[in-house]
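Colleague: 3D model of this:
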Amino acid sequence: MKVSRLNSIEQYVISRETVSIDELCEVFGVSKNTIRRDLNELEMRGHITKVYGGVTAVVPSGAIPTPIRSSLNPADKLLIGRLAAEEVADGDTIFIDSGTTTLCLLRYLVAKKRITIITHSLGALSEAARYENLNVISLGGIYSPTTDSFVGLSTIEALSAMRINKAFMGATGVSLTAGMTNTTFLEAEIKRAVVQRADNIFCMADSSKIGKEAIVTFCHLRELTAFITDREPAKEYVELCKKEGVRLRYE
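Modeller: Numbers count the residues shown, from 1 in each chain. Model (predicted):
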């Protein structure tokens, strides 16, 4: 029971970046003394730190190791994966970006035919290998544990010889001014290379990413074919998508 609560509190803080003690007490239904004891234990894990009146994530959500990120907003990610799979047609060659949201697309492709997957994500390679109907092309590079992907110049060079019908891209943050952003420079360079080569670009980002910005922009919202998320975003995002001809998909 306690371990489950600790994991839930950690995930909650990471997804929101900064949370007050009062909010944690209300959300998890425990006393301030219990929350303070829990935070003392969680701080030792190294992903969050206590501040006056609350707690904050130590690093941006995109830099959190994959096993922790995969546990954040799982239902929303599955919904986005299902909606994204509806954009895939038989015979497509698609790029699957690194990240825990894009990974959810693969399980919904079981009924598709002659699909070729291009990816530098180790998680996507492992998941795609489970399905006999998917042809898989792995991009080379140096393995990055933080992003669970292969990065480097060789990865970008491999992309230069490939044609991509549809690219399904994840992001650390999505904003009106910065577009789709990422925390890691090498990862962002690969994302840029994909965006340049893809006929269609799909943003897959749950609502917790909207309105946030990371350090590197790799794609502006006007470049998107569609923006796939879990719920209707703020009015200004709806208006921008309409103005730029970007399809907005959510439920």
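
Colleague: what sits against L6?
Modeller: Counting by C-beta atoms under 8 Å, 6 or more residues apart in numbering, L6 makes contact with 38, 41-42. For the C-beta atoms, the positions are set from N, CA and C on the backbone; glycine is no exception.

Colleague: Could you check how far it is from E17?
Modeller: Distance, L6 to E17, using C-beta to C-beta, to the nearest Å: 18 Å.

Colleague: what stretches of the stretch 51-200 of the chain score poorly on pLDDT?
Modeller: 59-73 (pLDDT under 70).

Colleague: Would you state the helices of it in chain order?
Modeller: Here the stretch 51-200 of the chain has its helices, by DSSP state H, counting those that start in this stretch, at 66-69, 74-85, 122-128, 153-159, 185-197.

Colleague: right, and those helices - which one's nearest G91?
Modeller: Closest to G91 of the helices of the stretch 51-200 of the chain, according to C-beta to C-beta: helix 74-85, at 14.7 Å.

Colleague: Report the distance from that closest one to the chain centre.
Modeller: Distance of helix 74-85 from the chain centroid (C-alpha atoms, centre = their mean, to the nearest Å) equals 11 Å.

Colleague: Of the contacts of L6, which belong to helices?
Modeller: Counted as lying in helices by DSSP state H, out of these, are 38, 41-42.

Colleague: mind listing what's buried in the helix or strand F227 falls within?
Modeller: Assigned by DSSP states H and E, F227 belongs to strand 226-228. Neighbour counts over strand 226-228 (16 or more other C-beta atoms under 10 Å) mark 226-228 as buried.

Colleague: tell me what it is packed against?
Modeller: The elements that strand 226-228 packs onto, with contact taken as 3 or more C-beta pairs under 8 Å, 6 or more residues apart in numbering; DSSP states H and E, are helix 74-85, strand 198-204, strand 247-249.

Colleague: ok, that strand: who's next to it in the sheet?
Modeller: strand 198-204 (parallel), strand 247-249 (parallel) (DSSP bridges).

Colleague: Most tightly packed of those?
Modeller: Highest mean neighbour count among the strands paired with strand 226-228 (mean count of other C-beta atoms under 10 Å): strand 198-204, with a mean of 22.

Colleague: Next, the angle from that strand to helix 185-197.
Modeller: For strand 198-204 against helix 185-197, the angle by axes from the mean of the first three to the mean of the last three C-alpha atoms, to 10 degrees is 130 degrees.

Colleague: Show me the contact partners of strand 198-204.
Modeller: Identification of contacts with strand 198-204 by C-beta under 8 Å, 6+ apart yields 80-81, 84, 87, 95, 97, 99, 101-102, 105, 164-171, 174, 180, 195, 219, 221, 223-229.

Colleague: Just the ones of the residues you listed in strands?
Modeller: 95, 164-169, 174, 180, 219, 226-228 (DSSP state E).

Colleague: on that earlier part again, make CSV out of the strands paired with strand 226-228 and add distance to D148.
Modeller: Below are the strands paired with strand 226-228 laid out as CSV (distance: least, C-beta to C-beta, whole Å):
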stretch, distance to D148
strand 198-204, 16
strand 247-249, 26
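
Colleague: Out of these, which gets nearest to E189?
Modeller: Here strand 198-204 is closest among the strands paired with strand 226-228 (C-beta to C-beta), at 15.1 Å.

Colleague: ok, L176 touching V238?
Modeller: No - L176 lies out of contact with V238 (C-beta atoms under 8 Å); the separation is 11.2 Å.
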